[in-house]
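In: Next comes the sequence, and after it the predicted model I'd like to discuss.
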Amino acid sequence: MNPRLFFSLIAASLLLAAFAHYLTENEIFQFVTASIAIVVLAAWLGKATESVAHYAGDRIGGFLNATFGNAAELIISFFLVREGLFDMVKASITGAIIGNMLLVLGLSVLLGGIKYKEQKFNAKLAGHNASLMTLAIAALFIPAIFMRELPPVKIETLSIVIAVVLIIAYLLWLVFSMVTHSDFLADLDPQESEPVWSKGVSILMLALSTVFVAIVSEWLVHGVEHLSSSFGWSDLFVGAFVIAIIGNAAEHSAAVLLALKGRIGGSVEIAIGSSLQIALFVAPTLVLVSLLIGRPMDFVFTPFELAAIAAGSLITISITRDGATNWFEGMLLLTVYIILGTAFFFV
């Protein structure tokens, strides 16, 4: 797309969202325009991340995309926590985890597999990702199992301990994967694409797009409650699929684009890395932040949410463990996502 046309589209979507937020009282219109703006901003964020990845490699580029892409989920969830909408927060966390593993990776593998018969990535990285997913599942299941045996005060303490431990584990994973064993987990994909911008401009674009995502995310939250009540949708469905799909727009654009260029390693790093970051860093951070703002949130997820995360992790581990993908495996991931989405809609 022509750069002038691209930035004109960004400006138009932002102006429309601002008009709806400040000058109208129709909350559905506000939600729709804010959602469109976030999706357009995600395309900007994806281009900036791809350009940064050219200079830093797919490992660091994927990490940056996951981090800046998850900024939308983190910011949206922060405002939901501030409003005391804990059920929707946990649902959005669930949706972000399974959305990245099943929808983002599924689309990337499917579309990339249609263009290339088979795409390969580092199998050792896939093995470590599988171990981290198992850790995340265990951490989410334990509070839910013990909640019937422990009083609320102890559940809150257990949640804090788990949150701190998961954050430490995630930070140690970053040290392991990007410092001490970076060569061990090196990318297999060649860096053949040309960067969109220079290194400095790429970083600036990454920062600017994230700032605008943060602003529009706050506008989005204002229409969430009205949306669920107007259509009769549960907080679980709105949080796990509506908000999660919008929040994952950045990962969608960047991951699919890399897969179509034959760089499935970058797609896997974005999709799986984003899910792990949500489970091991974003969710625990929200638990700790909730304490600071005087609205403590526990780490207890519903059986529906736990089942969805476990099912998503199981199929993802099964498909990625060999370090190779094809279009059929992408279809399997998307099938599980559709099944879960249908089940959540009827809850």
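Out: That came through fine.

In: For residue 80, which three-state class applies?
Out: Classification of residue 80 using DSSP: H, G, I helix; E, B strand; the rest coil returns helix.

In: and it, how far is that from residue 283?
Out: 13 Å (Cβ to Cβ, to the nearest Å). The way it works is simple: take the backbone N, C-alpha and C, and place the C-beta from them, glycine included.

In: So between those two, which is more surrounded?
Out: residue 283 (30 against 25; other Cβ atoms under 10 Å).

In: Please point out which parts of the strand or helix carrying the more buried one sit buried.
Out: If you go by DSSP states H and E, residue 283 is part of helix 283-292. For helix 283-292, burial by neighbour count (16 or more other Cβ atoms under 10 Å) applies to 283-287, 289-290.

In: Need the residues you listed in a markdown table (columns: distance to residue 170 and pLDDT).
Out: Output for the buried residues of helix 283-292, formatted as a markdown table (distance: Cβ to Cβ, whole Å; pLDDT from 0 to 100):
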| residue | distance to residue 170 | pLDDT |
| --- | --- | --- |
| 283 | 11 | 90 |
| 284 | 8 | 92 |
| 285 | 10 | 91 |
| 286 | 14 | 91 |
| 287 | 14 | 91 |
| 289 | 16 | 89 |
| 290 | 18 | 90 |
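
In: can I get those in a markdown table with distance to residue 319?
Out: Putting these into a markdown table (distance: Cβ to Cβ, whole Å) gives the following:
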| residue | distance to residue 319 |
| --- | --- |
| 283 | 24 |
| 284 | 27 |
| 285 | 29 |
| 286 | 29 |
| 287 | 30 |
| 289 | 34 |
| 290 | 34 |
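
In: Pull the number of nearby residues for the residue lying closest to residue 223 once chain neighbours are set aside.
Out: Nearest-residue entry for residue 223: residue 31, 3.0 Å, with adjacent residues in sequence omitted and distances by Cβ to Cβ, 6 or more residues apart in numbering. Using other Cβ under 10 Å, residue 31 is surrounded by 25 other residues.

In: check contacts around the closest residue to residue 283 other than its chain neighbours.
Out: The shortest distance from residue 283 to any non-neighbouring residue, by Cβ to Cβ, 6+ apart, is to residue 93 (4.9 Å). Neighbouring residues of residue 93 by Cβ atoms under 8 Å, 6 or more residues apart in numbering: 73, 77, 278-279, 282-283, 286, 301.
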